[in-house]
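Chemist: Sharing a sequence plus its predicted fold:
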Amino acid sequence: MTTDGAPDAGEPGGESMAVAEASDVAAPPRAGRLRAWTCRHPVLAFVALTYAVSFGGRFLWGEARQGTIPRDWASAFYWLVAFGPAIGSLVVTAATEGAEGVRALLRTLLAWRVPVRWWLFAIFLYPLSSLATLALAWLQGATAVDAWSLPEWDGVALAKSAVFWSVTLAAEEIGWRGLALRRLLPTKGPLVASVYVALVWTPWHLAGFQFGSSSTEWRLAVFAVATFPMLLHSLVSTWIYVGARGSLLLTTTLHVSFDVSQLRLRPLLRAAGPQATAAWDLLYVAFLSVLIWRNGWLRREPRPRIELEPSREPEQPS
């Protein structure tokens, strides 16, 4: 997977990003070979660096757990795994767009001024669709499941989980949407770009799945089960990302909602029987089919470009 799209100067628009025509940018003068290659292939460079950081952190975490290196470093290596996409994105952005590009990318994490409908979609799409599917399955005779019979979280644990998810998922979004998707959109279009992101984003989770004492077979089974929902989520994230003018705050919110639904509501669907899980999958396939058709993602055009908006310099008094 390669991309030659690279940002060039454009008209600012929206709160933090703007949609513009795609164009190519040559590597900066006097750049070294590595930086020049990064400028030509920013997505490949990002993926390579992200995998190196995350799987390297996973390897070092294992060494620390075995006592080969100080055990106190294990937690630091865990965070290295989680922040691999953010590190890869920021390094590649700094090499291709400079310090201002890094600042502009980070500002998208605070871009909250978007149409209200995108906030509603980001927060409620996954939980409401899961509950609606569960209710439909019950009406069709599926086994009723007591939601409160599942493991509960107390208030403190829930707050800690919310902070943990917000931080780690924002680190993911900086990479997978803030760099990979943004760079692929102008050259590949929303549909193909979403699939490309899913193809490299889903296997990356194996670095995290390897934590704990579960068997390799169990981890691979979890990975296989998660592949289809991850592809669906990649498509929905692209829709939100483009509609919300590139706000990573919105895609992070959507990602938190997705993980909560998968961890809390998806077990209810599985417990209700295979027809409930199948109904959920079919519901999203139908929803995404309409989304792809209504937005013209099957056509070669339009291929939106989400461009980082530079900071606004204060006006000097005359």
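Modeler: Here it is on my side, so go on.
Chemist: Do a quick rundown of the strands in the stretch 151-300 of the chain.
Modeler: Using DSSP state E, counting those that start in this stretch, no strands are found in the stretch 151-300 of the chain.
Chemist: burial count for R71?
Modeler: Each residue near R71 was counted by other CB atoms under 10 Å, and the total is 12. Every C-beta, even on glycine, is put in place using the N, C-alpha and C of the backbone.
Chemist: Excluding chain neighbours, what is closest to it?
Modeler: Distances taken as CB to CB, 6 or more residues apart in numbering place A64 nearest to R71, at 5.4 Å, with adjacent residues excluded.
Chemist: got a list of what that neighbour touches?
Modeler: For A64, the contact set (CB atoms under 8 Å, 6 or more residues apart in numbering) comprises 70-74, 77.
Chemist: of those, closest to A122?
Modeler: Nearest to A122, judged by CB to CB, of these is F77 at 31.5 Å.
Chemist: re earlier: return the subset of the contacts of A64 lying in strands.
Modeler: Among those, DSSP state E puts none in strands.
Chemist: Neighbour-wise, give me the winner out of these.
Modeler: Result: F77 is most packed of the contacts of A64 (other CB under 10 Å), 19 neighbours.
Chemist: what kind of secondary structure is the nearest residue to that one once chain neighbours are set aside in?
Modeler: Once flanking residues are discounted, F77 sits nearest to W61: 3.9 Å by CB to CB, 6+ apart. Of the three states, W61 takes helix under DSSP: H, G, I helix; E, B strand; the rest coil.
Chemist: what sits against W61?
Modeler: W61 touches 74, 77-78, 80-81, 211, counting by CB under 8 Å, 6+ apart.
Chemist: For this structure, just list every one of the helices.
Modeler: 33-40, 42-65, 74-82, 84-107, 116-139, 155-175, 182-204, 206-209, 216-243, 248-260, 266-272, 274-294 (DSSP state H).
Chemist: Columns distance to R303 on top of those helices, output as CSV?
Modeler: Shown next, in CSV, are these (distance: least, CB to CB, whole Å):
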stretch, distance to R303
helix 33-40, 19
helix 42-65, 15
helix 74-82, 32
helix 84-107, 19
helix 116-139, 21
helix 155-175, 21
helix 182-204, 5
helix 206-209, 31
helix 216-243, 11
helix 248-260, 19
helix 266-272, 33
helix 274-294, 14
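Chemist: Pick out the shakiest of those helices, pLDDT-wise.
Modeler: Lowest mean pLDDT within the helices of the chain: helix 266-272, a mean of 69.
Chemist: Read off the pLDDT value for A20.
Modeler: For A20, pLDDT reads 39.
Chemist: now G178
Modeler: Per the predicted model, pLDDT is 97 at G178.
Chemist: What is the burial count for it?
Modeler: Neighbour tally, G178, other CB under 10 Å: 29.
Chemist: Report the contact partners of it.
Modeler: 89, 105, 108, 248.
Chemist: closest to A278 among the residues you listed?
Modeler: Of the contacts of G178, the one sitting nearest to A278 (CB to CB) turns out to be L248, at 32.6 Å.
Chemist: for the closest one, what are its contacts?
Modeler: Contacts of L248 (CB under 8 Å, 6+ apart): 108-109, 111, 170, 173-174, 177-178.
Chemist: Point to the residue nearest the middle of this structure.
Modeler: Nearest residue to the geometric centre of the chain (CA atoms, centre = their mean): E173, 4.2 Å.
Chemist: From A76, how far off is it?
Modeler: 22 Å (CB to CB, to the nearest Å).
Chemist: related to what we said a few turns ago, distance to A286 added to the contacts of W61, as JSON lines?
Modeler: Output for these, formatted as JSON lines (distance: CB to CB, whole Å):
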{"residue": "A74", "distance to A286": "44"}
{"residue": "F77", "distance to A286": "42"}
{"residue": "Y78", "distance to A286": "39"}
{"residue": "L80", "distance to A286": "40"}
{"residue": "V81", "distance to A286": "35"}
{"residue": "F211", "distance to A286": "35"}
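Chemist: For these, name the two members farthest from one another.
Modeler: L80 and F211 (12.3 Å).
Chemist: So these two - more neighbours on which side?
Modeler: Using other CB under 10 Å, the more surrounded residue of L80 and F211 is L80, with 20 against 14.
Chemist: quick one: the more buried one and F55 touch, right?
Modeler: No. L80 lies out of contact with F55 (CB atoms under 8 Å); the separation is 10.0 Å.
Chemist: I'd like to know how many residues surround Q66.
Modeler: 10.
Chemist: and it, backbone torsions?
Modeler: Dihedral pair for Q66: phi -80, psi -10, per degrees, to the nearest 10.
Chemist: ok, it - contacts?
Modeler: Contacts of Q66 by CB under 8 Å, 6+ apart: none found.
Chemist: So it versus L60, what's the distance?
Modeler: Going from Q66 to L60 by CB to CB gives 11 Å.
Chemist: ok, so of the contacts of W61, who is nearest Y241?
Modeler: Looking across the contacts of W61 and measuring by CB to CB, the closest to Y241 is V81, at 24.0 Å.
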